[in-house]
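Student: Following is a predicted model, sequence given first.
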Amino acid sequence: MIPTVPDSKLLYYGEVHEYGMVFVRHADVCRLARIYWAVSSSATWGEFASKVPADVMQEVLSDNNRVSFDNFCRGWLYQALAWPDQAAMEWFRHCIQAYRALEPDTRYPLPEEECWAIDACGDGLWPEMPQRLVLNWCPKEILHDFGESCSPIHDLPYVYFAPSNTVAILTRLKDAGFDFIRTDLLVRMTCGYLPDDMSPEAQRALIEAAEEHKLASMVAPAD
């Protein structure tokens, strides 16, 4: 089913354990579910990088003491445009060798090295919580009437919506121009709750269905 609203107005919602009813924008569902899927299913950093958006590696490794490979090469990269092809390729090979020779704690992990991205999820600061992101897009009147502000994690507030108010919230969101699909499983994945009884391949298929706007034909329509 092709969405009748722009992605910024397309929501996915579902009930998530102690977080109540969670509402997530299309872009956030695709990004967060993909990050948690990659974190839980990647043995190496190369595998992780192949599964997530390009900017995620920088988010995970945003330590000022680490230099990325592109920054390592940046000082000469523009100049290389003027070099003969053979010289430019030789220089690039030298850059790779020199980067690999750096101390592990001064560079990004190499593609074949063991992935520890899961450790970055432990403090509740990364990746972002859908229950916080709702503050960026949900109409203030709906937040005021139905949202309960909670802040047990690092004193950063998130919004709790009681499941008993779901129909009323959906009605107000519809009036505000939003459309929505109920998919508890995918929404739980965006909150970091990946199902133990679902293979990584099945999780990827669910994420890709959302990315390709095919999810509506796979789940029950929203009430």
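Tutor: Received it, and whenever you're ready, just let me know what you need.

Student: and C73, what does it touch?
Tutor: For C73, the contacting residues are F92, C95, Y99, taking C-beta atoms under 8 Å, 6 or more residues apart in numbering as the criterion. Every residue, glycine included, has its C-beta placed from N, CA and C.

Student: and if you look at I142?
Tutor: Going by C-beta under 8 Å, 6+ apart, the list of residues near I142 reads I169, R172, L173, A176.

Student: Among the contacts of C73, the buried ones, what's the ChimeraX command?
Tutor: The following ChimeraX line selects those of the contacts of C73 that are buried, judged by 16 or more other C-beta atoms under 10 Å:
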select :95,99
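
Student: got CSV for the contacts of C73, with secondary structure, pLDDT and distance to V39 too?
Tutor: Supplementary listing: the contacts of C73 in CSV, determined by DSSP: H, G, I helix; E, B strand; the rest coil; pLDDT from 0 to 100; distance: C-beta to C-beta, whole Å:
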residue, secondary structure, pLDDT, distance to V39
F92, helix, 94, 30
C95, helix, 95, 29
Y99, helix, 97, 24
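
Student: Kindly write the PyMOL command that selects the buried subset of the contacts of I142.
Tutor: Selection of the buried residues among the contacts of I142 in PyMOL, burial being defined by 16+ other C-beta under 10 Å:
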select buried, resi 169+172+173
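
Student: Of the contacts of I142, which is the nearest to E112?
Tutor: L173 (45.9 Å; C-beta to C-beta).

Student: Which residue is most remote from the mean position of this structure?
Tutor: Residue distances from the centre of the chain (C-alpha atoms, centre = their mean) peak at P84, which lies 40.3 Å from the mean C-alpha position.

Student: Can you list phi and psi of that residue for me?
Tutor: Geometry field for P84 lists phi and psi as phi -60, psi 150, criterion degrees, to the nearest 10.

Student: For the closest residue to A33 other than its chain neighbours, pull up the helix or strand it's in.
Tutor: Nearest residue to A33 in three dimensions, chain neighbours excluded: M189, at 4.4 Å (C-beta to C-beta, 6 or more residues apart in numbering). Secondary-structure element containing M189, defined by DSSP states H and E: helix 184-190.

Student: For the nearest residue to D7 once chain neighbours are set aside, which residues are in contact?
Tutor: Distance criterion C-beta to C-beta, 6+ apart; nearest residue to D7, sequence neighbours excluded, is H26 at 4.3 Å. Contacts of H26 were listed using C-beta under 8 Å, 6+ apart, and they are P3, D7, S8, L10, L11, Y12, A210.
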